[in-house]
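K.L.:
how does the following fold in three dimensions:
(one chain, ligands or ions: 1)
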Amino acid sequence: MATDVHGEVTADRAVVEVNALTRSFDGRAVLDELALTVRSGEFVALLGRSGCGKSTLLRVLAGLDRDIEGSVLVPRRRAVAFQTPRLMPWKRVWRNVVLGLPGRPTRETAVRALAEVGLEHRAHAWPKTLSGGEAQRASLARALVREPDLLLLDEPFGALDALTRITARQQVAEVWQRRGCAVLLVTHDVEEALLLADRVLVMQDGVIAHEQPVDLPRPRDVGAPEFSLLRAGLLTELGVVAPQDPC
Ligand SMILES: Nc1ncnc2c1ncn2[C@@H]1O[C@H](COP(=O)(O)OP(=O)(O)OP(=O)(O)O)[C@@H](O)[C@H]1O
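P.N.:
Numbers count the residues shown, from 1 in each chain. Okay, here's the model as predicted:
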């Protein structure tokens, strides 16, 4: 498996290049000669029906699954945040944030990352004392502390209540704009994809079946007619609603 893009990541350069990627389970190809490119600094959302292989693709890109065919080029600096925060309950929040970092990372390093998600005041807390939204932000800080060129987000807002989800989305949008890293966000939520992404990909039958650029100004207005049009188009691609009759 080819994994690393060497050298500096520069604007407009592809940070992810996937070709003919196949991943099978029990003889069934969940990813089937899939191709994907993500450019430096680009925010890409990946939509698809449950079980279509989104998380499998993310795990491959994260380097957590190497039992594949095809070629996968990803930056060395990449980090992933999952739907469940996966914090170690026996370590304080700040220690969770720097867990696995090389060298002897300091508390200050963790606090800087926590401050980016507004959680520096909970650095010394135990994970069990965090709310769901706070735990998710701690998980995001743990990804950010790795200074990723590619941030992989696997339904990070899925388990949050509606209000917390809105704040968490805004926070991710701010982090992305500030950091300028590429983001690949797996989501079930068409609106979320359109609010955040430069490009929305629809996965189906183990490949990227549809690609939708989102050329709308930010922050995006869910009430704008252009937004509604894109939403309707993506829902149709997903087979959720029938195409509108132009008559
Ligand atoms: N370790 C595994 N062993 C066997 N089958 C697996 C394994 N991991 C995933 N699969 C199968 O691969 C398919 C894709 O799973 P994956 O989790 O990637 O889907 P998904 O699109 O992320 O779904 P969801 O949106 O529900 O999270 C599913 O049919 C799943 O059962």
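
K.L.:
next, the buried residues of stretch 78-88.
P.N.:
Buried residues in stretch 78-88, counted by 16 or more other CB atoms under 10 Å: Arg78, Ala79, Val80, Ala81, Phe82, Gln83, Pro85, Leu87. Glycine gets a C-beta too; all of them are placed from N, C-alpha and C.

K.L.:
hmm, I typed the wrong one, I wanted stretch 58-69.
P.N.:
Going by 16+ other CB under 10 Å, stretch 58-69 has these buried residues: Leu58, Arg59, Val60, Leu61, Ala62, Gly63, Asp65, Ile68.

K.L.:
what mean pLDDT does stretch 35-44 have?
P.N.:
Averaged over stretch 35-44, pLDDT sits at 97.

K.L.:
returning to what we had before: which one among the buried residues of stretch 78-88 gets closest to the ligand?
P.N.:
Closest approach to the ligand among the buried residues of stretch 78-88 (CB to the nearest ligand atom): Gln83, at 8.1 Å.

K.L.:
hang on, that closest one packs against Leu153?
P.N.:
No: counting by CB atoms under 8 Å, Gln83 does not reach Leu153; the two are 9.2 Å apart.

K.L.:
nearest spatial neighbour of Ser139, chain-adjacent residues omitted?
P.N.:
Computed as CB to CB, 6 or more residues apart in numbering, the closest residue to Ser139 that is not its neighbour in sequence is Pro85, at 3.8 Å.

K.L.:
doesn't Gln136 make contact with that neighbour?
P.N.:
Yes: here Pro85 reaches Gln136: they are 5.5 Å apart, a contact under CB under 8 Å.

K.L.:
list the buried ones in stretch 210-226?
P.N.:
His210, Gln212, Val214, Arg220.

K.L.:
circling back: among the buried residues of stretch 58-69, which lie within helices?
P.N.:
Among these, the residues falling in helices (DSSP state H) are Leu58, Arg59, Val60, Leu61, Ala62.

K.L.:
give me every residue that touches the last one.
P.N.:
Listed by CB atoms under 8 Å, 6 or more residues apart in numbering, the contact partners of Ala62 are Arg78, Val80, Leu152.

K.L.:
so who does the last one touch?
P.N.:
In this structure, Leu152 makes contact with Leu58, Leu61, Ala62, Arg78, Ala79, Val80, Ala81, Val183, Leu184, judged by CB under 8 Å, 6+ apart.

K.L.:
doesn't Glu147 make contact with the fourth one?
P.N.:
The reference is to Arg78. No: contact criterion CB under 8 Å: Arg78 and Glu147 do not qualify, at 10.2 Å.

K.L.:
around the ligand, which positions in this protein sit nearby?
P.N.:
The chain comes close to the ligand at residues Phe25, Val30, Gly48, Ser50, Gly51, Cys52, Gly53, Lys54, Ser55, Thr56, as judged by CB under 6 Å from any ligand atom.

K.L.:
shaky segments in the protein?
P.N.:
The chain contains residues with pLDDT under 70 at 1-11, 241-247.

K.L.:
which parts of it are strands?
P.N.:
4-5, 14-25, 28-39, 43-48, 69-75, 78-81, 150-154, 182-186, 199-204, 207-213 (DSSP state E).
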